[in-house]
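**Student:** Below are the sequence and a predicted model for it; my questions follow.
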Amino acid sequence: MTPFDIRGTKRRQIKDRIFSGFVWALTFSCLIVVFIILFYLFEKGIGSINWALFTKGPKPVGEFGGGIANAIVGSLIVVVVAAIIAIPLGISVGIYQADNRGKRIAERIAVAVDVLQGIPSIVIGIVIYVWIVKPFGGFSAISGSIALAIMMLPPVIKSTEETLLLIPHTLKEAALGLGASYYHTVRKILIPTGMGGILGGCIIGVARIAGEVAPLLFTAFGNPAMVFSIFKPVDTIPKVIFAYASSPYEDWQRIAWGGSLILVVFIIILNTIIKLFENKWKVQF
Amino acid sequence: MEGTILRTENLQISFGDNKVVKGINMEIAEKKVTAFMGPSGCGKTTILRAINRLHELTPEAKVEGKIFMHNEDVYEMEAMTLRRRVGMVFQRPNPFPTMSIAENVISGFILNGIKLKTQEKNEIIEDALKKVALWDEVKDYLKKKGTSLSGGQQQRLCLARAVAMKPEVILLDEPTSALDPLSTAKIEDLLYELKGNYTLVIVTHNMQQAARISDMTAFFYLGDLLEYDDTKKVFTNPKNEKTQNYITGRFG
């Protein structure tokens, strides 16, 4: 007779295998989707990657060729300015949140950040349109940057807060115990120690906003000309993809594929950088 | 008391409704080692942290009464100035993980925004590391991270970090409780040597340690100071029954 404790072992082993197989199959199906998207994108996009795409502006309908140089520059301007606004602000809020856990105001900020993360990007675009674009009398790259900066804040705040909470409290005490000011403790101990996580959050934030088009429709708007000013409307890669992909012209659609590929490669590069940073900035306590 | 550096006046500390230190009056002698002993939760560490005002990081901590350093009320001083004069070594070694061994030694200067010339820097680093008997072990690896050292070495590095600032008082909160016996012995030797130049206040659970290295021993129990005398007297002829029971291992 089978002893009590191993009765049904066979059945449990079979169940176990089925479960493992199930998990594996679901994981695989996720990966396969990613790979199909990437494959399709490369297949369609690689043909339109040429020198002109990076160096030339748009051509009128009917004229073959042209590129998205103005949109690449515009995207860089809008995203970089957004990062310049969001990163210092987000890190500051994150530091405050990590240092004031449990306080009422910190809890309210945490809720606000969660809500902010859930606000549809188009709504942020409209709000910035009302707040900035209308009062200042026109579309501009800077208004787009502000809209994107708002979208970028939650990941930066959260990653800063979470990273700082992982730093042992004794490090802060050690710094303050040496007579350091709060400012120096934050700047020379907490931020360097948490650099990996903070930068990771910033990069996730940039990756999040780089592909956004909705908040830019009412703010940065679009501009077929090459512009280097933050006070003028600019084209951005996602906006060009949106406009060109929905156009009936084959040549424009080709350029839209090229733009998509550039965007995705950019995101892949950012993600690779995160992985590199994770190892390089890993701090051993 | 002759050569008193620290004096508390009816020191009471509470966390919320919980009073952990109940009116302590004591004087701590200059350039001596004073050991704080007693069972867990008796308020030793709390008093230590009140001396350099680190308790202020705990929002619900409240201090009543006074602590004087050379007749200056420490609660009227600038906290940053006070902490520069009163160094601290913690229970677990906590060198700054992003800094090299050398930077850790001079971290007090870095963190206070004090610029040092290269020569001064090297002198301070060498001097402090020699004082904690770490120089010979690390002099070829000064650029390596402080956290790459062993636990005992890290703790000596933390001691060097405190010593480099030339404080008048060094507070030690169970500095050897996370270390192996060999590293503990090394730290104890160091403390013994340092006491000529610094006032040391050490919280310890280890009675042998208190007996070995301290000049004065204070025995705390549930927030009260039960006995405070020469270490020899406390250990050979305690006046209080509780002290005797604790020392002989009957409780604690």
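**Tutor:** Everything's here; your move.
**Student:** how near is A:I267 to A:L116?
**Tutor:** From A:I267 across to A:L116, the span is 22 Å (CB to CB, to the nearest Å). Yep, even glycine has a C-beta here, placed from its N, CA and C like the rest.
**Student:** Kindly apply the preceding question to B:I28 instead.
**Tutor:** Taken as CB to CB, the span from B:I28 to A:L116 is 52 Å.
**Student:** out of the two, which sits in the more crowded spot?
**Tutor:** B:I28 (24 against 14; other CB atoms under 10 Å in any protein chain shown).
**Student:** B:I47 is in contact with that one, correct?
**Tutor:** No: contact criterion CB atoms under 8 Å: B:I28 and B:I47 do not qualify, at 10.4 Å.
**Student:** List the contacts of B:T231.
**Tutor:** B:35, B:210-211, B:214-217 (CB atoms under 8 Å, 6 or more residues apart in numbering or on different chains).
**Student:** which one of these sits closest to A:L53?
**Tutor:** Checking these against A:L53 with CB to CB, the nearest one is B:A35 at 75.2 Å.
**Student:** Please name the residues that touch that closest one.
**Tutor:** Neighbouring residues of B:A35 by CB under 8 Å, 6+ apart: B:202-204, B:209-210, B:213-214, B:216-218, B:231.
**Student:** what residues does the stretch 101-250 of chain B put near chain A?
**Tutor:** B:107-108, B:110-113, B:145, B:147-148, B:158, B:161-162, B:165 (CB under 8 Å from any CB of the partner chain).
**Student:** hmm, which two among the residues you listed are most spread apart?
**Tutor:** Within those, B:G113 and B:S148 form the most distant pair, 26.6 Å apart (CB to CB).
**Student:** Show me the strands in the chain, by range?
**Tutor:** Unless you meant another one, I'm taking chain A. Assigned by DSSP state E, chain A shows no strands.
**Student:** wait, I meant chain B there
**Tutor:** Per DSSP E, chain B carries strands over the ranges B:4-15, B:18-29, B:33-37, B:61-69, B:72-73, B:86-89, B:169-173, B:199-203, B:216-221, B:224-230.
**Student:** who does the third one pair up with?
**Tutor:** Each strand that strand B:33-37 pairs with, and the sense of that pairing, follows from DSSP bridges: strand B:199-203 (parallel), strand B:216-221 (parallel).
**Student:** Strand B:18-29 and the first one, what's the angle between them?
**Tutor:** Following axes from the mean of the first three to the mean of the last three CA atoms, to 10 degrees, one obtains 150 degrees for the angle between strand B:199-203 and strand B:18-29.
**Student:** which residues make contact with strand B:199-203 from outside it?
**Tutor:** B:5-6, B:28-36, B:44-45, B:48, B:51, B:168-175, B:191, B:194, B:209-210, B:213-214.
**Student:** Please find the angle between the direction vectors of it and strand B:61-69.
**Tutor:** Angle, strand B:199-203 to strand B:61-69, by the same axes, to 10 degrees: 150 degrees.
**Student:** how distant is strand B:199-203 from the center of its chain?
**Tutor:** Computed by CA atoms, centre = their mean, to the nearest Å, the chain-centroid distance of strand B:199-203 equals 5 Å.
**Student:** Next, the angle from that strand to strand B:169-173.
**Tutor:** The directions of strand B:199-203 and strand B:169-173 differ by 10 degrees, with the same axes, to 10 degrees as the criterion.
**Student:** what's the average pLDDT for strand B:199-203?
**Tutor:** Mean per-residue pLDDT for strand B:199-203: 95.
**Student:** Show me what counts as buried in it.
**Tutor:** Within strand B:199-203, the residues scored as buried using 16 or more other CB atoms under 10 Å in any protein chain shown are B:199-203.
**Student:** Okay, buried residues for the lowest-mean-pLDDT helix or strand in chain B please.
**Tutor:** Within chain B, no helix or strand scores below helix B:241-247, which has a mean of 87 by mean pLDDT, DSSP states H and E. For helix B:241-247, a neighbour-count test (16+ other CB under 10 Å) marks B:242-244, B:246-247 as buried.
**Student:** For the stretch 101-250 of chain A, which segments are assigned as helices?
**Tutor:** With helices called from DSSP state H, counting those that start in this stretch, the stretch 101-250 of chain A shows them at A:104-118, A:121-128, A:141-166, A:169-177, A:182-184, A:191-193, A:195-210, A:214-217, A:237-245, A:250-280.
**Student:** likewise the stretch 51-200 of chain B?
**Tutor:** Counting by DSSP H, counting those that start in this stretch, the helices of the stretch 51-200 of chain B are B:79-85, B:101-105, B:107-111, B:118-131, B:135-138, B:151-164, B:181-194.
**Student:** want to throw these into CSV with mean neighbour count and mean pLDDT?
**Tutor:** Listed next are those as CSV, based on neighbours: other CB atoms under 10 Å in any protein chain shown; pLDDT from 0 to 100:
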stretch, mean neighbour count, mean pLDDT
helix B:79-85, 18, 94
helix B:101-105, 26, 96
helix B:107-111, 23, 95
helix B:118-131, 16, 94
helix B:135-138, 15, 94
helix B:151-164, 25, 94
helix B:181-194, 17, 90
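**Student:** any chance of these in JSON lines, with distance to A:A82 too?
**Tutor:** Shown next, in JSON lines, are the helices of the stretch 51-200 of chain B (distance: least, CB to CB, whole Å):
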{"stretch": "helix B:79-85", "distance to A:A82": "37"}
{"stretch": "helix B:101-105", "distance to A:A82": "35"}
{"stretch": "helix B:107-111", "distance to A:A82": "33"}
{"stretch": "helix B:118-131", "distance to A:A82": "41"}
{"stretch": "helix B:135-138", "distance to A:A82": "45"}
{"stretch": "helix B:151-164", "distance to A:A82": "40"}
{"stretch": "helix B:181-194", "distance to A:A82": "51"}
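**Student:** Just the residues contacting stretch A:223-232, thanks.
**Tutor:** For stretch A:223-232, contacts defined as CB under 8 Å, 6+ apart pick out A:57-58, A:69-70, A:73-74, A:77, A:81, A:140-142, A:145, A:233-235.
**Student:** Actually, stretch A:49-62.
**Tutor:** Residues from elsewhere that reach stretch A:49-62 (CB under 8 Å, 6+ apart): A:65-70, A:72, A:224-226, A:240, A:249, A:252, A:255, A:258, A:261-262.
**Student:** Just the buried ones among the residues you listed, please.
**Tutor:** A:66-70, A:72, A:240, A:252, A:255, A:258, A:261-262.
**Student:** Chain A against chain B: which residues are in contact?
**Tutor:** So far as CB under 8 Å from any CB goes, chain A lies against chain B at A:168, A:170-181, A:184-185, A:188-189, A:192-193, A:195, A:283-285.
**Student:** Grab the nearest non-local neighbour of residue 216.
**Tutor:** In the absence of a named chain, chain A is used. With CB to CB, 6 or more residues apart in numbering or on different chains as the criterion, A:L216 has its nearest non-adjacent residue at 4.8 Å, and that residue is A:G144.
**Student:** that answer is for a different chain, and I need it for chain B
**Tutor:** Using CB to CB, 6+ apart, the closest residue to B:M216 is B:T34 (4.5 Å).
**Student:** Next one: A:E43, what pLDDT does it get?
**Tutor:** For A:E43, the pLDDT comes out at 92.
**Student:** Okay then, goodbye and thanks.
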